[in-house]
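1. just coords:
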């Protein structure tokens with residue numbers, strides 16, 4: 001397939017990434033935790049914008065336009081580049097140069113509309129994006145604006161995507177079909193389908209690929225799929241909308257924001273036992289991202305237009321940052337920006 005690039009991505013983008021250039025403000029202390037520095041990128045669905053926030057000060061450094069209804073965000077490991085899926089009324093990806101910060105380009109996915117879930121594969125040159133309307137996962141080289149592969153899920157509502165640690169296998173939550181699809185990246189094929197409780201949306205996979213955790217919007221379960229045997233253990237119940245699932249294996253912790261109950265549940269990864277709940281009455285917890293050192297969680301609050309900064313040792317909000325209307329997808333970058 002030939003993608004349409006509606007705003008040509010400069011070749012220098014790819015060269016800069018390959019060169020590993022990273023802009024960090026001088027004077028940043030290595031003694032500071034990741035949660036005290038860096039940049040937050042927050043997608044505002046209602047305003048069709050991305051907000052760039054200096055974490056240290058909480059100041060908004062820039063607000064950039066995206067396509068219609070940006071939902072999910074993928075960020076390269078070095079934090080230099082980010083890609084939003086413009087899900088709410090189109091078929092585009094917006095590519096950001098975080099150091100600018102600026103919009104580096106817009107990619108029209110052509111026959112693969114309704115892009116939603118997004119995740120960079122290891123190496124950060126390819127981003128895997130679900131195309132819900134075409135029942136596929138599209139592999140995109142965002143610095144050339146080129147589609148390099150398409151993997152059919154053949155399942156309705158392939159909404160979110162999870163990637164194993166080695167980048168060789170993808171999993172999608174298929175909301176309409178009530179399944180999880182396993183996809184082989186190299187072979188560009190679907191290799192297995194797992195029936196799960198209805199309307200699976202939130203999905204993540206363990207680093208070794210042995211477990212997929214998936215949330216059921218209709219039945220209020222978070223289930224664990226044994227990817228080898230296919231067994232599905234609907235171990236966690238009592239949810240109304242388990243919006244996202246974040247596994248922190250080093251901390252033996254799983255973080256699950258429940259959008260309709262408006263709280264966050266903290267669960268032991270190994271024993272699957274509840275540790276704590278953080279109530280956020282009426283604030284609409286949605287997107288989550290954790291810093292690489294595991295110290296700090298950033299949580300978008302769709303109703304209050306803020307990001308909650310949460311200390312993962314105490315599981316308490318230590319401060320709030322104002323962003324834009326209806327924030328959802330969120331990412332953290334070590335790049336330090338200034339006004």
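-> Received the coordinates, thanks. Please read all numbers here as calculations on a predicted model, not as lab measurements.
2. where does the prediction get shaky in the chain?
-> Within the chain, the segments meeting pLDDT under 70 span 1-33, 339.
3. what sits against the nearest residue to residue 207 once chain neighbours are set aside?
-> Leaving aside its sequence neighbours, residue 207 sits nearest to residue 165 (Cβ to Cβ, 6 or more residues apart in numbering; 3.9 Å). From N, CA and C alone the C-beta is placed, and that goes for glycine too. Residue 165 sits next to 122, 207, 208, 209 when contact means Cβ atoms under 8 Å, 6 or more residues apart in numbering.
4. using the three-state scheme, assign residue 165.
-> Here residue 165 is recorded as coil under DSSP: H, G, I helix; E, B strand; the rest coil.
5. buried stuff in stretch 277-294?
-> In terms of neighbour count (16 or more other Cβ atoms under 10 Å), stretch 277-294 has its buried residues at 278, 280, 283, 284, 285, 286, 287, 288, 289, 290, 291, 294.
6. quick check: residue 276 touching residue 314?
-> No - counting by Cβ atoms under 8 Å, residue 276 sits too far from residue 314 to count as a contact (9.5 Å).
7. who has more neighbours, the two?
-> Set side by side, residue 276 and residue 314 show more neighbours around residue 276, with 12 against 9, by other Cβ atoms under 10 Å.
8. how much space between the nearest residue to residue 35 once chain neighbours are set aside and residue 133?
-> Leaving aside its sequence neighbours, residue 35 sits nearest to residue 296 (Cβ to Cβ, 6+ apart; 2.6 Å). From residue 296 over to residue 133 the distance is 36 Å, taken as Cβ to Cβ, to the nearest Å.
9. between those two, who's got more neighbours?
-> Higher neighbour count among residue 296 and residue 133: residue 296, with 22 against 17, using other Cβ under 10 Å.
10. any idea what that one is bridged to?
-> Residue 296 has the following beta-bridge partners by DSSP bridges: residue 311.
11. ok, it - contacts?
-> For residue 296, the contact set (Cβ under 8 Å, 6+ apart) comprises 33, 34, 35, 36, 290, 309, 310, 311, 312.
12. which of the contacts of residue 165 sits closest to residue 245?
-> Closest approach to residue 245 among the contacts of residue 165 (Cβ to Cβ): residue 207, at 14.1 Å.
13. give me the element the closest one is part of.
-> Assessed by DSSP states H and E, residue 207 sits outside every helix and strand.
14. what sits against the closest residue to residue 331 other than its chain neighbours?
-> Distances taken as Cβ to Cβ, 6+ apart place residue 75 nearest to residue 331, at 3.9 Å, with adjacent residues excluded. Residue 75 makes contact with 41, 81, 82, 83, 98, 120, 331, 332, 333, according to Cβ under 8 Å, 6+ apart.
15. bridged to residue 75, which residues?
-> According to DSSP bridges, beta-bridge pairing links residue 75 with residue 82.
16. sorry, back to before: of all the contacts of residue 165, which two lie farthest apart?
-> Among those, the pair separated by the greatest distance (Cβ to Cβ) is 122 and 208, at 14.2 Å.
17. just the ones in helices from the buried residues of stretch 277-294, please.
-> Among these, no residue falls in helices (DSSP state H).
18. between these, which is nearest residue 92?
-> residue 287 (19.4 Å).
19. residue 196 against residue 233, yeah?
-> No - assessed by Cβ under 8 Å, residue 196 is found out of contact with residue 233, at 10.5 Å.
20. out of the two, which sits in the busier spot?
-> residue 196 (25 against 12).
21. give me the phi and psi for that one.
-> Per-residue torsions, residue 196: phi -140, psi 170 (degrees, to the nearest 10).
22. so who does it touch?
-> Contacts of residue 196 (Cβ under 8 Å, 6+ apart): 178, 179, 180, 214, 216, 223, 225, 232.
23. with adjacent residues omitted, what lies nearest to the first one?
-> The reference is to residue 178. Residue 178 sits nearest to residue 198 (Cβ to Cβ, 6+ apart), 5.0 Å away.
24. which SS class is that neighbour?
-> Recorded secondary structure, residue 198: coil (three-state DSSP).
25. over to residue 250?
-> State at residue 250, reduced to three classes by three-state DSSP: helix.
26. from residue 334, how far out is residue 292?
-> To residue 334, residue 292 is 8 Å away according to Cβ to Cβ.
27. what do these two both touch?
-> Residues touching both residue 292 and residue 334 by Cβ under 8 Å, 6+ apart: residue 34.
28. show me the helices in this structure, by range?
-> Using DSSP H, helices in the chain cover 11-18.
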